[in-house]
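>>> here is my input; please provide its structure:
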Amino acid sequence: MRGVAYFLAGGLMLGAGGAMAQEFDKQCAWGLANGKKVATDCKFNFVDENGKTYCFSSNQVMYQYMGDREGNRAKAEAAFKKK
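Okay, the predicted model is just below:
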């Protein structure tokens with residue numbers, strides 16, 4: 001297994017990869033929040049305070065998503081349910 005680094009930041013565990021259950025079937029949460037379905041390998045992800053792992057297509061979009069986590073999560077969940 002390749003090395004995995006985790007950082008605790010404001011109640012979030014940020015990571016690279018790992019064997020965790022992913023929300024949205026490993027689709028990019030930011031993409032879903034913006035109406036797009038983007039498959040990921042979950043290399044860029046964070047684990048929230050409830051233990052849910054959210055996957056992203058890049059570090060940049062992960063941090064954009066986190067700017068309004070609750071709003072983006074709600075939009076991503078609604079888009080994912082439409083699939």
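>>> so the most centrally placed residue in the chain is in which element?
Nearest residue to the geometric centre of the chain (C-alpha atoms, centre = their mean): Tyr54, 2.4 Å. Assigned by DSSP states H and E, Tyr54 belongs to strand 53-56.
>>> so which residues of the chain form helices?
29-33, 59-66, 69-81 (DSSP state H).
>>> sorry, back to before: show me what the strand holding Tyr54 is packed against.
helix 29-33, strand 44-47, helix 59-66 (3 or more C-beta pairs under 8 Å, 6 or more residues apart in numbering; DSSP states H and E). In short, each C-beta sits where N, CA and C put it, glycine included.
>>> these: which one's closest to Gln22?
Among the helices and strands packed on strand 53-56, the nearest to Gln22 by C-beta to C-beta is strand 44-47 (7.2 Å).
>>> ok, back up a step: send me the strand holding Tyr54 as PDB with only the CA atoms.
Provided in PDB are the C-alpha atoms of strand 53-56 (Å, rounded to 0.1, in the frame of the first residue of the first chain):
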ATOM      1  CA  THR A  53     -15.600  10.100   3.000                       C
ATOM      2  CA  TYR A  54     -16.100  12.600   0.200                       C
ATOM      3  CA  CYS A  55     -14.000  12.200  -3.000                       C
ATOM      4  CA  PHE A  56     -12.700  14.900  -5.300                       C
END
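>>> neighbouring contacts of it?
18, 20-24, 26-30, 40-42, 44-48, 62, 65, 73 (C-beta atoms under 8 Å, 6 or more residues apart in numbering).
>>> cutoff 6 Å now
20, 22-23, 26, 28-30, 40, 42, 44-47, 62 (C-beta atoms under 6 Å, 6 or more residues apart in numbering).
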